[in-house]
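Undergrad: Here you go, sequence then predicted model.
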Amino acid sequence: MSQAKLGDTVRVHYTGKLDDGSVFDTSLDREPLEFTIGDGQIIPGFENAVVGMEPGEKKTVRVPAEEAFGPYYEEMILEIGRDQMPPDLQPEIGQKLEVRQADGQVLIVKVIEITDTTVKLDANHPLAGKDLTFEIELVEIVGQ
């Protein structure tokens, strides 16, 4: 049987869990995830775990934060004046907003604190700073 290697397009089923055992994402209720190993579409630790697997093989891997969504950066907490927000927007704690940067890129931020005059936004990825555990099954190698 062939093993998945760099450059292969693969299809996998996976379940991602946090240290407390809670599931943050799974493909078991939808089509398998398809990606090409080495294209950088997937977090490095997940991609590396698939290398060497054979179709039908299952494994569980722990991916440290550095090989997942990176560390949590305090400097990615932004405090802005409420007057800088659209007047019709009533921000709520936990709400996700899109912020357009000067270069045109859209950044997803989460409202983490609200006062009468300011709003604190967290631009970190929701899984930044977290070690992740994945149960992975290589369904098939689509192309090599």
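TA: Alright, I've got the coordinates. Here the structure is a predicted model, which means the values were calculated and not measured.
Undergrad: The worst-scoring helix or strand of the chain on mean pLDDT packs against which elements?
TA: The weakest-scoring helix or strand in the chain, judged by mean pLDDT, DSSP states H and E, is strand 96-100 (a mean of 88). Helices and strands touching strand 96-100, by 3 or more CB pairs under 8 Å, 6 or more residues apart in numbering; DSSP states H and E, are strand 106-114. Every C-beta, even on glycine, is put in place using the N, C-alpha and C of the backbone.
Undergrad: in its sheet, what does the strand it packs on sit against?
TA: strand 96-100 (antiparallel), strand 118-122 (antiparallel) (DSSP bridges).
Undergrad: Check which residues of that strand are buried.
TA: Neighbour-count burial for strand 106-114 flags 109, 111, 112 (criterion: 16 or more other CB atoms under 10 Å).
Undergrad: Likewise for stretch 30-44?
TA: Neighbour-count burial for stretch 30-44 [16+ other CB under 10 Å]: 32, 33, 35, 36, 37, 42, 43.
Undergrad: for stretch 8-21, same thing?
TA: By 16+ other CB under 10 Å, the buried positions in stretch 8-21 come out as 8, 10, 11, 12, 13, 14, 15, 16, 17.
Undergrad: Closest one of these to residue 118?
TA: residue 16 (33.9 Å; CB to CB).
Undergrad: Who does whichever strand or helix holds that closest one pair with, and is each partner parallel or antiparallel?
TA: Element membership for residue 16 (DSSP states H and E) is strand 9-17. The strands beside strand 9-17 in its sheet (DSSP bridges) come out as strand 23-26 (antiparallel), strand 33-36 (antiparallel), strand 132-143 (antiparallel).
Undergrad: Residues contacting the second one, please?
TA: Pointing back at strand 33-36 there. 7-14, 27, 41-42, 47, 142 (CB atoms under 8 Å, 6 or more residues apart in numbering).
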